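S.K.: Predicted coordinates and the sequence they were generated for:
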Amino acid sequence: MKNYFMKHNIGVVINYCTNDYKFIEHTINSVAGFAREIIVPVCDHFYDGTTENNNLIKKTIEENPQAKFIRFKFDKGKKIQPYWSWRLRRILKLPLQSGSQYWVCYARKLGWNNLSKNSEYTLFLDADEIIDAQKFIRWLNTNEYRKYNAMKFANYWYFREPKYQALTWEDSPVMFKRDYV
């Protein structure tokens, strides 16, 4: 029988804010079976500029010792787009020049910069993108992913709590070979 929990040379970056507190432990645990390292960038503010819940951030860090949390400061000088505006721009397929998506990408870059250089692949997730670990590990163990420089995965999203899984798919997680990020 194959060892489905063999480690792969994959670093995982999980974007997190305390709105996703109910999901983060599940997401971290779901990748712990295959990830060499797990980095969680977390800002001192929400991306709309309001202050984050620092006590809940500290609690999250204490509850998840298998992940390395990278704290960073929010620059209020950056142009901020309200969340509703960002969503509307996506729906209407308008260009996204600034606002919360800037901070999402910044957090991912910060996480990637903090992975060790020997991680061959980087998987980028949001805190509410919980991996079906056994299925994903079985797929990783086929080594099919090694044929590709970049992959985008279909996933379910969750509502309010990890037990409320959507019936539809979205495709937001991505995995890149380190040299192609």
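M.R.: Thanks, I have it.
S.K.: I'd like to know which elements the strand ranked longest in the chain is packed against.
M.R.: Longest strand in the chain by number of residues, with DSSP state E as the criterion: strand 161-170. Judged by 3 or more C-beta pairs under 8 Å, 6 or more residues apart in numbering; DSSP states H and E, strand 161-170 is in contact with helix 21-32, strand 155-159. The C-beta positions use only the backbone N, C-alpha and C, and glycine is treated the same way.
S.K.: Enumerate every residue touching the closest residue to residue 151 other than its chain neighbours.
M.R.: Using C-beta to C-beta, 6 or more residues apart in numbering and skipping residues adjacent in sequence, the residue nearest residue 151 is residue 175, 4.8 Å away. Counting by C-beta atoms under 8 Å, 6 or more residues apart in numbering, residue 175 touches 10, 121, 122, 123, 124, 145, 150, 151, 153.
S.K.: of these, closest to residue 28?
M.R.: residue 123 (12.4 Å; C-beta to C-beta).
S.K.: and that closest one, that's in a helix?
M.R.: No: secondary structure of residue 123 (DSSP: H, G, I helix; E, B strand; the rest coil): strand, not part of a helix.
S.K.: what's the neighbour count on it?
M.R.: 25 (other C-beta atoms under 10 Å).
S.K.: From residue 168, how far off is it?
M.R.: 22 Å (C-beta to C-beta, to the nearest Å).
S.K.: re the thing from before, pLDDT on the helix or strand the residue nearest to residue 151 falls within, on average?
M.R.: For residue 175, the enclosing helix or strand under DSSP states H and E is strand 174-177. Averaging pLDDT along strand 174-177 gives 93.
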